[in-house]
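S.K.: Have a look; sequence and predicted model below, questions after that.
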Amino acid sequence: MSGLDAIINRKPPSPWELFKTNPSLYIASKLYNTLSQQLPRPLSSPVRTICISDTHSTDISALIPPGDIFIRAGDLTHSGTLRELQVTFDWLVSLPREHKIVIAGDHDTYLQTVEGR
C-alpha cells in the first residue's frame, strides 16, 4: 500500500486516542455537542428592538421599521429648545410601540439641570 493509500484508508482514531492527544479539546467538544442539543428553542415570536440616535429634529418616521421596543438614544434635537423637544416628544408619543426608551444627548440642553447648563 502506498503512502497516500495508507492515509486515505487509515482507521479513525479511537475516543481514547483523541483524549490522549488533546484532553482539553476532547472534553470541550463533547460538552459542546451535548449542551448544544439541549439548548432551548428560539422564541416563536422574538422581541424586535429598534434603536436610533442623533436625528437632530429630523423626521425619520418613514425609515423606522416595526418593532416591540423602541430606543431613542441621544440628540433628539438640533439645538435643545423647548419647542424642538415638544415636537420630538409628540412624535415619540405617536409611535405605535409598546415600550419606548428615551436617552437625552448633548444637543438636548433643555433637559440638563440648571447647574449643567
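M.R.: Received it, and whenever you're ready, just let me know what you need.
S.K.: so what's Thr77 up against?
M.R.: By CB atoms under 8 Å, 6 or more residues apart in numbering, the contact list for Thr77 reads His56, Ser57, Glu84, Leu85, Thr88, His107, Asp108, Tyr110. Quick note: C-beta positions are derived from backbone N, CA and C, even for glycine.
S.K.: State the distance from the first one to Lys11.
M.R.: When you say that, I think you mean His56. In this structure, His56 and Lys11 are separated by 68 Å, where distance is defined by CB to CB, to the nearest Å.
S.K.: is the spatially most central residue of the chain in a bridge, and if so with what?
M.R.: Centrality entry for the chain: nearest residue to the mean C-alpha point is Thr49, 8.2 Å, by CA atoms, centre = their mean. Partner residues in beta bridges with Thr49, using DSSP bridges, are Ile69.
S.K.: Can you verify my assumption that it contacts Pro65?
M.R.: No - contact criterion CB atoms under 8 Å: Thr49 and Pro65 do not qualify, at 10.7 Å.
S.K.: what sits up against stretch 45-55?
M.R.: Under CB under 8 Å, 6+ apart, the answer for stretch 45-55 is 60, 64-76, 97, 105.
S.K.: Going along the chain, name the helices of the protein.
M.R.: 3-8, 15-21, 23-36, 82-94 (DSSP state H).
S.K.: nearest to Pro42, of these?
M.R.: Pro42 lies closest, by CB to CB, to one member of these: helix 23-36, at 13.6 Å.
S.K.: Now do that closest one: which elements does it pack against?
M.R.: Under the contact criterion of 3 or more CB pairs under 8 Å, 6 or more residues apart in numbering; DSSP states H and E, helix 23-36 touches helix 15-21.
S.K.: And the contacts of the helix it packs on?
M.R.: Taking contacts as CB under 8 Å, 6+ apart, the residues outside helix 15-21 that touch it are Pro13, Tyr26, Ile27.
S.K.: if I look at the first one, how far off is Ala28?
M.R.: It stands for Pro13. Per CB to CB, Pro13 is found 17 Å from Ala28.
S.K.: circling back to that earlier point, derive a ChimeraX selection command for the buried subset of the contacts of helix 15-21.
M.R.: Entered in ChimeraX, the line below selects the buried ones among the contacts of helix 15-21, by 16 or more other CB atoms under 10 Å:
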select :26
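S.K.: Thank you, goodbye.
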